[in-house]
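> fold the following and give me the result.
(one chain, ligands or ions: 3)
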Amino acid sequence: MKNKRTHSLNFLSRLIFLLLSPVFFQYFAFGFIWHSIYWGVITFVIIIWSTLILISPFFGRIGCGWFCFMGTIMDFAGKHSFCKTTYNRPKTWIKLLILIPFFTSAFTFYFLNKEHGLTHNFEVNPDFLPLNMDMHYKIVWMCDIFFAILIAVFLDKRWGCRHLCMMGTLTSIGAKYSRLLVVVDTNECTNCGRCEKECLSAIPLLNYIKDNKGLIANPECLLCGKCLQTCKSNAISLKFIWNRSKYKQENKASSNSFIHGS
Ligand code: SF4
Ligand code: SF4
Ligand code: SF4
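Ligands and ions are numbered 1, 2, ... in the order given. Reported below is the predicted structural model:
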């Protein structure tokens with residue numbers, strides 16, 4: 001019941017952010033981070049994403065699994081993907097190839113603007129980029145959505161999140177230390193593999209259940225709750241684990257019985 005509630009809340013949150021995206025697009029879309037740096041202003045989009053990056057060592061990739069409308073679109077479109085979702089480690093060189101030009105070009109323009117006295121020295125002005133629903137804005141919004149659908153259908157649902165998105169890259173660094181984790185109760189788990197099959201990021205959950213005492217400590221976990229909803233044994237939950245080693249130590253005995261029983 002508790003798990004179903006988590007999944008329902010997740011669904012509601014994603015739906016709200018998806019519906020809000022045409023209006024508040026520039027508060028969520030990364031392209032506007034570039035514009036904010038260009039002008040040297042701390043805008044809403046910078047505040048929102050900096051917060052999500054800063055809290056990732058505690059709350060993992062909650063922004064990716066609960067708020068990001070691009071992720072939601074990829075999940076919907078990915079249901080009709082031509083590719084089977086498989087887990088493969090994100091490639092660092094592709095991520096750097098995106099991150100470096102993005103920030104280098106934005107800061108280059110910032111310093112050029114500064115020379116001409118056009119920057120704002122990174123003053124905090126959340127509303128600096130005013131909401132503007134003109135044709136240019138709508139075209140960018142539609143292009144982003146089209147791009148997300150294209151990737152999800154022709155690659156796989158979260159391929160873009162794992163390999164392309166710079167916010168995914170930055171939040172996954174913090175998520176390595178996340179205190180909020182998906183946890184499997186190894187006493188309840190029947191090793192059916194349903195959670196692994198349904199995982200949006202195709203994380204090899206069964207390996208984590210066996211080798212990591214049920215702690216799904218993978219930085220690609222989006223905390224989306226899909227596995228919670230899938231598990232018929234109600235063995236999965238989202239928990240704050242402050243000390244991973246202590247948790248694993250405490251769960252050693254029960255985990256051993258799981259391994260021998262499987
Ligand atoms: S990785 Fe990027 S696109 Fe994917 S959900 Fe996270 S922020 Fe959104
Ligand atoms: S769906 Fe539940 S019972 Fe099946 S493997 Fe995953 S955690 Fe275990
Ligand atoms: S492990 Fe569960 S919560 Fe994490 S990404 Fe996979 S389905 Fe979502």
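
> ok now do residue 41, which residues does it touch?
By CB atoms under 8 Å, 6 or more residues apart in numbering, the contact list for residue 41 reads 120, 122-125, 128-129. To be clear about C-beta, it is placed using only N, CA and C from the backbone, and glycine gets the same treatment.

> tell me which two of these sit farthest apart.
Farthest apart among the contacts of residue 41 by CB to CB are 122 and 129. That separation is 14.3 Å.

> and stretch 129-148, C-alpha only, in CSV?
Output of stretch 129-148 as CSV, limited to C-alpha atoms (Å, rounded to 0.1, in the frame of the first residue of the first chain):
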residue,chain,number,x,y,z
LEU,A,129,14.5,35.9,-18.4
PRO,A,130,10.8,36.9,-18.5
LEU,A,131,8.2,34.3,-19.4
ASN,A,132,7.8,34.8,-23.1
MET,A,133,5.4,32.6,-25.1
ASP,A,134,6.3,33.9,-28.5
MET,A,135,6.8,31.7,-31.6
HIS,A,136,10.5,31.2,-31.0
TYR,A,137,9.9,29.9,-27.5
LYS,A,138,7.2,27.5,-28.7
ILE,A,139,9.4,26.2,-31.5
VAL,A,140,12.3,25.5,-29.0
TRP,A,141,9.8,23.8,-26.6
MET,A,142,8.4,21.6,-29.4
CYS,A,143,12.0,20.8,-30.7
ASP,A,144,13.0,19.6,-27.2
ILE,A,145,9.9,17.4,-27.0
PHE,A,146,10.4,16.0,-30.5
PHE,A,147,14.1,15.3,-29.7
ALA,A,148,13.2,13.5,-26.5
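
> averaged pLDDT, it. What do you get?
Taken as a whole, stretch 129-148 has an average pLDDT of 86.

> next up, the contacts around the residue lying closest to residue 29 once chain neighbours are set aside.
Distance criterion CB to CB, 6 or more residues apart in numbering; nearest residue to residue 29, sequence neighbours excluded, is residue 144 at 6.4 Å. Neighbouring residues of residue 144 by CB under 8 Å, 6+ apart: 25, 29, 31, 70.

> work out for me the element the last one sits within.
Taking DSSP states H and E as the criterion, the element that holds residue 70 is helix 69-78.

> which residues touch that helix?
The contact list for helix 69-78, computed with CB under 8 Å, 6+ apart, reads 14-15, 17-18, 20-21, 28, 64-65, 85, 144-145, 148-149, 151-153, 156-158, 160-161, 165, 200, 222.

> which bits of the stretch 101-250 of the chain sit near ligand 3?
When proximity is defined as CB under 6 Å from any ligand atom, the stretch 101-250 of the chain approaches ligand 3 at 182, 199-201, 203, 205, 216, 221-227.

> let's see 5 Å
Counting by CB under 5 Å from any ligand atom, the stretch 101-250 of the chain comes close to ligand 3 at 182, 199-201, 203, 221-222, 224, 226-227.

> out of those residues, which is nearest to ligand 2?
residue 227 (6.6 Å; CB to the nearest ligand atom).

> contacts only, for the closest one.
Counting by CB under 8 Å, 6+ apart, residue 227 touches 182, 195, 198-199, 205, 216, 236.

> element containing the nearest residue to residue 54 once chain neighbours are set aside, please.
Closest residue to residue 54 apart from its sequence neighbours, by CB to CB, 6+ apart: residue 174 at 7.5 Å. Under the criterion of DSSP H and E, residue 174 resides in helix 166-175.

> quick one: that helix to helix 69-78, angle?
100 degrees (axes from the mean of the first three to the mean of the last three CA atoms, to 10 degrees).

> which residues touch helix 166-175?
Contact with helix 166-175 is made by 30, 49, 52-57, 60-61, 63-64, 68, 90, 95, 98-99, 102, 161-162, 219-221, as judged by CB under 8 Å, 6+ apart.

> related to what we said a few turns ago, ok, the helix holding residue 70 near ligand 1 or not?
Yes: residues of helix 69-78 contacting ligand 1 under CB under 5 Å from any ligand atom: 70-71.

> quick one: is that helix near ligand 3?
No: judged by CB under 5 Å from any ligand atom, helix 69-78 makes no contact with ligand 3; its nearest approach is 9.9 Å.
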